[in-house]
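Colleague: just the structure for this:
(one chain, ligands or ions: 1)
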Amino acid sequence: MPLVCLSLTARTIAENLALLERYRDNIDIAELRADLLEPSEAFALRDFPSFAGLPCILTVRRKCDGGAFLDGEGQRLVLLAKAIAYARPDKNANFAYVDLECDFRVPSIEEACHTFGTRIIRSRHDIAGMPADLDEAWAELALEPNEIPKLAVMPRSSADFAALFNWASSLPRGERIVVGMGEYGMPSRVLADRMGSCLAYTSAIRAGMPSAAPGHLDPLALQEIYRFRELDGETSLYALGGPNVLSSKTPQLHNAAFKAAGINAVYVPLPSADVPTFFSALDALGACGAAVTVPIKDAVCSSLSRCSPEVEDIGSCNTLVREGSGWVGYDTDAEGFKRALLEFLGVADLRGLRATLVGAGGVAKAIAHVLSDLGASALVLNRTVSKARVLAQRYGFAYGPCTEHSTDLVADHADVIVQATSLGMEGERQGDPLDWYDFSGREAVFDIIYRPERSILLERAAAAGCKVMNGWKMLRYQSAAQFKLWTGREPPDTYFA
Ligand code: NAP
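Modeller: Reported below is the predicted structural model:
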């Protein structure tokens with residue numbers, strides 16, 4: 001089981017000690033990043049371990065390795081010497097580890113470490129990519145049997161991450177640290193045990209501190225969301241593929257459900273820009289299932305060994321289940337949307353109702369399928385009208401541009417308005433795709449975006465007196481359907497709370 005290490009990034013020793021108190025129950029070890037301290041704090045470095053009350057790593061990271069130290073190797077040597085010299089008889093009052101880069105081999109410092117019982121973490125940080133030859137890089141780090149080799153690299157794609165994961169998990173067991181930094185390296189933080197790492201580095205993100213390296217999680221997030229301390233070699237892996245998946249709320253939903261159901265499994269974001277690299281990363285992980293998000297929901301369909309009738313009809317797939325060496329594709333957006341919509345409207349079907357669907361992307365295809373299935377007369381609007389036409393014609397719906405030219409059409413399909421574009425999502429382009437339409441107050445408006453809780457469109461609709469709902473319930477319900485497909489078991493209440 002890897003130790004959870006909190007990398008301390010405050011400017012003073014006192015602030016760092018306060019952070020330790022806040023996180024003490026959730027960490028095993030602390031890394032003092034001396035390169036981030038105010039220069040005047042250097043005098044207090046030596047005493048830090050005795051105040052910390054848990055094993056400490058001393059690190060003075062250079063700018064070229066992703067740190068902040070710029071004063072040259074002479075000054076760094078002095079700082080390191082000051083911090084590890086004058087060893088105390090009580091070992092707990094000394095730094096337990098010091099992080100020394102593989103090109104920093106200074107016999108006097110190494111000798112002091114050996115004499116005083118401070119273990120050396122021999123590190124290499126590739127902050128711009130991956131070494132061309134991981135074995136060669138590793139050989140340089142693992143020269144001394146008493147040292148702990150550490151390789152931290154920056155994968156630039158999910159294929160890079162797959163290569164790193166495969167390589168690290170095939171190394172012989174032993175004390176070592178392998179880290180994937182940045183967005184694509186994020187799964188390595190959660191899967192440290194699978195990669196054979198004896199440490200998982202974290203930062204005090206929830207305390208508002210900067211991350212010590214790109215991609216750190218908060219120690220509480222690591223445990224609360226990913227159940228880090230419960231993961232082992234038997235844990236089944238599930239992943240969320242697509243770009244921009246790190247802000248998804250689905251890890252909270254699925255991991256809470258695995259816990260509630262007593263299933264030894266974890267669900268991690270697997271940032272992936274395209275389908276081939278996503279599948280290569282899934283294979284490297286030995287994943288049992290996956291969720292797929294925009295924009296690769298349509299493109300995955302051609303790589304499936306088979307798919308459900310819904311996927312055939314909708315032409316888009318958001319759920320993968322491993323079958324032998326291939327993948328079976330399912331859609332749960334339709335089921336999640338249908339359940340949330342019927343609950344919202346308090347009806348059993350949409351016969352006699354007229355609906356407007358705004359959007360013609362991946363999820364709109366699933367929604368159009370449901371609107372048709374439930375018997376609605378619908379109108380499809382989209383920025384790219386040709387896509388609205390293709391989707392509408394499949395179900396015999398009307399269509400139009402998403403502009404004021406469609407005002408009368410909307411007024412004629414205004415019992416239910418479903419917003420299914422990505423416009424209005426937090427962090428993306430803010431906006432209201434219907435800013436040209438004045439709500440009468442009689443429309444029921446369902447915006448499938450759930451971040452922010454109320455989009456500009458929903459705010460406007462609610463202000464006009466409309467009944468409104470966001471996409472949070474849809475997300476929960478479609479996630480519950482994924483759980484059932486992955487595990488074959490009824491989803492626990494956590495999805496419906
Ligand atoms: P997608 O396949 O990329 O489709 C995006 C849609 O948004 C297209 O219709 C696109 O129009 C439209 N669009 C994008 N930017 C626009 C803009 N600036 N102005 C007007 N229209 C714009 O994405 P998707 O899979 O359909 O997902 C759409 C949204 O639904 C996302 O925000 C996603 O997070 C959300 N979603 C929610 C749930 C849930 O459970 N609540 C489930 C799935 C998806 P063009 O065709 O003209 O490009």
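Colleague: looking at the stretch 1-150 of the chain, which residue is nearest the ligand?
Modeller: Nearest to the ligand, among the residues of the stretch 1-150 of the chain, is G129, at 28.8 Å (C-beta to the nearest ligand atom). Bear in mind the C-beta positions are built from the backbone N, C-alpha and C, glycine included.
Colleague: correction: the chain
Modeller: Evaluated by C-beta to the nearest ligand atom, the chain has G361 as its residue closest to the ligand, separated by 1.9 Å.
Colleague: what's the pLDDT at that residue?
Modeller: The per-residue pLDDT reported for G361 equals 91.
Colleague: isn't it up against L423?
Modeller: No - taking contact to mean C-beta atoms under 8 Å, the distance of 10.8 Å between G361 and L423 leaves them out of contact.
Colleague: so which bits of the chain are right by the ligand?
Modeller: Contacts of the chain with the ligand, taken as C-beta under 6 Å from any ligand atom, map to 294-295, 297, 333, 336, 359-364, 382-384, 387, 402, 420-423, 425, 429, 433, 448-450, 471, 474-475, 478.
Colleague: now list the buried members of those residues.
Modeller: The neighbour count (16 or more other C-beta atoms under 10 Å) marks 294, 297, 333, 336, 359-364, 382-383, 387, 402, 420-423, 425, 433, 448-450, 471, 474-475, 478 as buried among the residues of the chain next to the ligand.
Colleague: show the contacting residues for the residue nearest to the spatial centre of the chain.
Modeller: Centre of the chain computed as the mean C-alpha position; nearest residue by C-alpha atoms, centre = their mean is L246, 3.0 Å away. Shown in contact with L246 (C-beta atoms under 8 Å, 6 or more residues apart in numbering): E183, M186, P269, P271.
Colleague: now the residue lying closest to the first one once chain neighbours are set aside. Its backbone dihedrals?
Modeller: Excluding its sequence neighbours, the residue lying closest to E183 (C-beta to C-beta, 6 or more residues apart in numbering) is P271, at 5.0 Å. P271 has phi and psi values of phi -50, psi 130 when expressed as degrees, to the nearest 10.
Colleague: residues near P271, how many?
Modeller: Using other C-beta atoms under 10 Å, the number of residues around P271 comes to 25.
Colleague: I'd like to know how many residues surround E335.
Modeller: Here the number of neighbours of E335 (other C-beta under 10 Å) works out to 20.
Colleague: still on that earlier bit, okay if I get the contacts of L246 as a markdown table plus distance to S280?
Modeller: Compiled in a markdown table, the contacts of L246 are given as follows (distance: C-beta to C-beta, whole Å):
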| residue | distance to S280 |
| --- | --- |
| E183 | 17 |
| M186 | 17 |
| P269 | 16 |
| P271 | 13 |
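Colleague: which of the residues you listed fall in strands?
Modeller: Among the contacts of L246, the residues falling in strands (DSSP state E) are P269, P271.
Colleague: weed out the non-buried ones from the contacts of L246.
Modeller: Judged by 16+ other C-beta under 10 Å, buried ones among those: E183, M186, P269, P271.
Colleague: pick out the most distant pair among those residues.
Modeller: Spatial extent of those (C-beta to C-beta) is set by the pair E183 and P269 at 9.1 Å.
Colleague: gap between stretch 28-44 and the chain center?
Modeller: Shown here is stretch 28-44, whose average C-alpha point lies 29 Å from the average C-alpha point of the whole chain (C-alpha atoms, centre = their mean, to the nearest Å).
Colleague: then stretch 313-328?
Modeller: The gap between the average C-alpha position of stretch 313-328 and the chain average comes to 21 Å, counting by C-alpha atoms, centre = their mean.
Colleague: one more: stretch 190-210?
Modeller: 13 Å.
Colleague: over to stretch 80-96?
Modeller: 38 Å.
Colleague: buried sites along it?
Modeller: L80, A83, I84, A87, N94, F95, A96.
Colleague: strands - which of the residues you listed land there?
Modeller: Secondary structure defined by DSSP E assigns none of those to strands.
Colleague: check the residues you listed and tell me the two furthest apart.
Modeller: With C-beta to C-beta as the measure, no two of these lie farther apart than L80 and A96, at 14.7 Å.
Colleague: rewinding a little: now for G361 and L423: what residues contact both?
Modeller: Among the neighbours of G361, none is also in contact with L423 (C-beta under 8 Å, 6+ apart).
Colleague: what sits against A398?
Modeller: When the contact criterion is C-beta under 8 Å, 6+ apart, the partners of A398 are A378, L379, V380, A392, L409, H413.
Colleague: if we go to 6 Å?
Modeller: Residues in contact with A398 (C-beta atoms under 6 Å, 6 or more residues apart in numbering) are L379.
Colleague: dihedrals phi and psi, it?
Modeller: When read as degrees, to the nearest 10, the backbone of A398 gives phi -80, psi 160.
Colleague: gap between it and S303?
Modeller: When distance is defined by C-beta to C-beta, to the nearest Å, A398 is 34 Å away from S303.
Colleague: do A497 as well
Modeller: Separation of A497 from S303 (C-beta to C-beta): 35 Å.
Colleague: what about the two, which has more around it?
Modeller: Between A497 and S303, counted using other C-beta under 10 Å, the more crowded position is S303 (16 against 8).
Colleague: so what's that one closest to, chain neighbours aside?
Modeller: Taking C-beta to C-beta, 6+ apart, and ignoring the residues beside it in sequence, S303 has V275 as its nearest neighbour in space, at 5.7 Å.
Colleague: so that neighbour touches D298, yeah?
Modeller: No - with contact taken as C-beta atoms under 6 Å, V275 and D298 are classed as non-touching, separated by 9.7 Å.
Colleague: sorry, back to before: return the subset of the residues of the chain next to the ligand lying in helices.
Modeller: Counting by DSSP state H, the members of the residues of the chain next to the ligand that fall within helices are D333, G336, G362, V363, A364, K387, M474, L475, Q478.
Colleague: neighbouring strands for whichever strand or helix holds E31, and are they parallel or not?
Modeller: E31 is part of strand 29-33, with elements assigned from DSSP states H and E. Strands adjacent to strand 29-33 in the sheet, as given by DSSP bridges, are strand 3-8 (parallel), strand 56-59 (parallel).
Colleague: chain center to the longest one, what's the gap?
Modeller: For strand 3-8, the separation from the chain centroid amounts to 19 Å (computed by C-alpha atoms, centre = their mean).
Colleague: ok so, going back, which of the contacts of L246 sits closest to H216?
Modeller: Taking these together and measuring to H216 by C-beta to C-beta, the closest member is M186, at 9.3 Å.
Colleague: that closest one and G215 touch, don't they?
Modeller: Yes - between M186 and G215 there is a contact under C-beta under 6 Å: 5.0 Å.
Colleague: tell me the secondary structure at H369.
Modeller: Taking DSSP: H, G, I helix; E, B strand; the rest coil as the rule, one finds H369 in the helix state.
Colleague: from the ones in helices among the residues of the chain next to the ligand, which has minimum pLDDT?
Modeller: Comparing pLDDT over these, G362 scores lowest. The value there is 88.
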